[in-house]
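K.L.:
how would this look folded up:
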Amino acid sequence: MDPKNNSQFRGANDSLSPKPSSRRRQLTVKQNRWLWLENFLAYSSGECHLSQNTILAYRRDLERFYLWMAERDLLTLRISDFSSYVEWLHEQGLAPTSIARHLVSLRIFHKYLQLEGIIRDTQVDLLGSPKLWERVPKYLSPSQVELILAAPCETDRTWLRDRAMLEMLYATGCRVSELSTMKLRDVHLEERFCRCTGKGNKQRIVPIGDQAVDAVIRYLEEEWPILAARAEKHGAEPVYLFLSRSGQILDRHRIWELIKRYAVRCGVRTDISPHTLRHSFATHLLINGADLRQVQEMLGHVNIMTTQIYTHVDSRRLKAIHKKFHPRS
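P.N.:
Next up, the predicted model:
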């Protein structure tokens, strides 16, 4: 018999094919599990057109899963094994949201393995996700926001860029990846709105306040041409709103570093991140009476349940409403 006709991939969907021995099957799994991962990532990028950040998240999550799996057989894992994996993630100190994302990555990976005929059935779908409502997003008070927005000063090399960057993050609530890839053509200062390209290349329109508009205009007039000229020296055409000192795209990691620096400078908080300004944007809108659906649209959330978590962060407003309107308050 030709060994090629007895391959694992052919045998997964052909009940007439002779089953390989458990020893040979175990060796095949060890040899192919990393190839399956690379093929899955290539499929997610090439066929599903997922963003690079999503692909990197899948890789990190599944490499952690492989670390836990060690000598286990990927093709014979049962619900008890997956439960042990979740317990192991808890022991690693991961937050509930991170564990939930790991499980999503694992489910999608197993769907791919089923699609390719590598596995027939999987029990990973029987695994429940951890509760996420316990985690309330951290946000800044309006006075803290004012401090960090004013932190860039004239002694900083690109203080106008940094001030405009901070103003835009708070004014629009956009994700740091959306701000990093925002192009000049996406910003309409006269009409006071910008176009954000979010997850899955979905676009949305978000208003921009006067102070953010003024900061961006001054940056574009005084600093952007200098940064853009450096890019043009190397034959590159500057198209992005926020440029690095070499005239290239200002990547998300550099934005994170800048925010941490300015937070330390003004003594706001040490655990601040670009997402903290996004949380602050949503929280302050809701505190001041904005409609939840409108906030959902500005944040680019597909599910309103994701936006609804912000209604838990300000109990003072709920108490005031209760006291004002409840007959027995």
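
K.L.:
C-alpha from now on. contacts and neighbour counts both.
P.N.:
OK.

K.L.:
before we move on, what SS does residue 121 have?
P.N.:
coil (DSSP: H, G, I helix; E, B strand; the rest coil).

K.L.:
contacts only, for it.
P.N.:
For residue 121, the contact set (Cα atoms under 8 Å, 6 or more residues apart in numbering) comprises residue 114.

K.L.:
backbone phi and psi for it, please?
P.N.:
With angles defined as degrees, to the nearest 10, residue 121 sits at phi -130, psi 150.

K.L.:
now do it against residue 79, distance only.
P.N.:
12 Å (Cα to Cα, to the nearest Å).

K.L.:
hey, what's in contact with both of those two?
P.N.:
Common neighbours of residue 121 and residue 79 (Cα under 8 Å, 6+ apart) do not exist.

K.L.:
residue 205: helix or strand, and which one exactly?
P.N.:
Element membership for residue 205, per DSSP states H and E: strand 203-207.

K.L.:
pull out the buried positions in that strand.
P.N.:
205-206 (16 or more other Cα atoms under 10 Å).

K.L.:
helix or strand right after it?
P.N.:
Following strand 203-207 in sequence, per DSSP H and E, is helix 210-222.

K.L.:
list the buried residues of that following helix.
P.N.:
Result for helix 210-222 [16+ other Cα under 10 Å]: buried residues 212-213, 215-216, 219-220.

K.L.:
any idea of the mean pLDDT in stretch 101-113?
P.N.:
Across stretch 101-113, pLDDT averages out at 91.

K.L.:
residues in contact with that stretch?
P.N.:
With Cα under 8 Å, 6+ apart, stretch 101-113 has contacts from 36, 40, 58, 61-62, 65, 119, 122, 124-125, 129.

K.L.:
mind putting these into JSON lines with pLDDT and secondary structure?
P.N.:
Shown next, in JSON lines, are those (pLDDT from 0 to 100; DSSP: H, G, I helix; E, B strand; the rest coil):
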{"residue": "36", "pLDDT": "92", "secondary structure": "helix"}
{"residue": "40", "pLDDT": "93", "secondary structure": "helix"}
{"residue": "58", "pLDDT": "93", "secondary structure": "helix"}
{"residue": "61", "pLDDT": "94", "secondary structure": "helix"}
{"residue": "62", "pLDDT": "95", "secondary structure": "helix"}
{"residue": "65", "pLDDT": "94", "secondary structure": "helix"}
{"residue": "119", "pLDDT": "86", "secondary structure": "coil"}
{"residue": "122", "pLDDT": "83", "secondary structure": "coil"}
{"residue": "124", "pLDDT": "83", "secondary structure": "helix"}
{"residue": "125", "pLDDT": "77", "secondary structure": "helix"}
{"residue": "129", "pLDDT": "60", "secondary structure": "coil"}
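
K.L.:
let's have the residues you listed in a markdown table, adding distance to residue 236.
P.N.:
Formatted as a markdown table, these follow (distance: Cα to Cα, whole Å):
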| residue | distance to residue 236 |
| --- | --- |
| 36 | 38 |
| 40 | 34 |
| 58 | 32 |
| 61 | 35 |
| 62 | 36 |
| 65 | 41 |
| 119 | 47 |
| 122 | 49 |
| 124 | 47 |
| 125 | 48 |
| 129 | 46 |
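
K.L.:
determine which two of these are furthest apart.
P.N.:
Using Cα to Cα, these span at most 24.5 Å, a distance reached by 36 and 129.

K.L.:
which residues does the residue nearest to residue 265 when sequence neighbours are not counted contact?
P.N.:
Excluding the flanking residues, the one nearest residue 265 by Cα to Cα, 6 or more residues apart in numbering is residue 151, at 7.0 Å. By Cα under 8 Å, 6+ apart, the residues touching residue 151 are 163, 262-263, 265-266.

K.L.:
distance check, residue 264 against residue 175.
P.N.:
21 Å.

K.L.:
more neighbours: which of these two?
P.N.:
Using other Cα atoms under 10 Å, the more surrounded residue of residue 264 and residue 175 is residue 175, with 20 against 15.
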